[in-house]
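> Sharing a model that was predicted from the sequence below.
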Amino acid sequence: MKKIALIPARYAATRFPAKLMQPIGDKPVIRFTYDQVVSMGLFDEVIVVTDSDIIFQEIRAHGGHAVMSKKEHESGSDRIAEAVAGMDVDVIINVQGDEPFIQREPLEKLLRLFDDETVQVGSLMRTISAAEAEDPNMVKVVTDLSGNALYFSRSPIPYPRSGDFQAGYNLHVGVYGYRKQALMAFTGWAPSPAEQTEKLEQLRYLEHGVKIRMASTTHTTIAIDTPGDLERARVWFAANRNA
């Protein structure tokens, strides 16, 4: 089974333009993320997929593998689907380019899901508090007893109808794995009703009857979405670089 990691990398991010080229230590965020994933040794290839010549040249200049997108894309899934269309590959892991401290454990768990040949799409989740579940920017997921996602929402789900709340809340950690055929099918479907309502592209799979198998992780990271996140990442790195 050929396994690759693709890192979609837009230069003009809406909330924090050029964030992927901001330095942490002696390298920009995108190269930090790329080097981190390569060092895990989990993948046959690690590739940055970008719309930016600046990011492309940064990765290539340091011996990395990068490809340019040929089209404008609404989502990272569409961007990586274009990149893998002509590749001979079985499983693709979509790693966010703005998570420089991503660890081996969650990605290894995600890859293991595909040992089950029935799994077409996989992702990650971790337990959060009731207070955190109230935040619409923290996407929640409810699963069935086999670990397949039943629904993703920005609302707190499941709703605690009585005081005896057994389920707890699970945060969807936005790292995905796909078999190639599932990813290519996704890009051929129009955005679905629940997807458009919640602004969550993963609902397109569920609305088309494709199950998403979830793996639990305790890993937390610092995603670079704002200048404040970047500063926290720099402080964390300075304190832990020799650990």
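Ah, there it is.

> where does this structure dip in pLDDT?
71, 73-76, 165, 242-243 (pLDDT under 70).

> which residues of it fall in helices?
29-40, 53-61, 76-84, 104-112, 130-133, 180-188, 193-198, 203-207, 227-240 (DSSP state H).

> what about those, which gets the closest to residue 173?
Evaluated with Cβ to Cβ, those place helix 104-112 nearest to residue 173, the distance being 7.0 Å. All C-beta spots, glycine's among them, are computed from the backbone N, C-alpha and C.

> Please point out which parts of the closest one sit buried.
106-107, 109-111 (16 or more other Cβ atoms under 10 Å).

> Which residue would you name as the spatial centre of the protein?
Central residue of the chain (Cα atoms, centre = their mean): residue 175, 2.6 Å from the mean position.

> May I have the residues that are in contact with residue 203?
151-152, 192, 194-195 (Cβ atoms under 8 Å, 6 or more residues apart in numbering).

> so how far is the strand of greatest length in the chain from its chain's centroid?
Once the chain is assigned using DSSP state E, the strand that runs over the most residues is strand 169-179. Distance of strand 169-179 from the chain centroid (Cα atoms, centre = their mean, to the nearest Å) equals 7 Å.

> for that strand, packing partners?
If contacts are counted by 3 or more Cβ pairs under 8 Å, 6 or more residues apart in numbering; DSSP states H and E, strand 169-179 sits against strand 91-94, helix 104-112, strand 121-128, helix 130-133, strand 140-143.

> can you put the ones you listed in TSV and add distance to residue 13?
Shown next, in TSV, are the helices and strands packed on strand 169-179 (distance: least, Cβ to Cβ, whole Å):
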stretch	distance to residue 13
strand 91-94	16
helix 104-112	23
strand 121-128	22
helix 130-133	24
strand 140-143	24
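
> which residues touch residue 202?
Contacts of residue 202 (Cβ under 8 Å, 6+ apart): 123, 149, 152, 172, 176, 195, 212.

> Which of these ranks first by neighbour count?
residue 212 (26 neighbours; other Cβ atoms under 10 Å).

> Tell me if I'm right that it and residue 206 touch.
Yes: with contact defined as Cβ atoms under 8 Å, residue 212 counts as touching residue 206 (6.8 Å).
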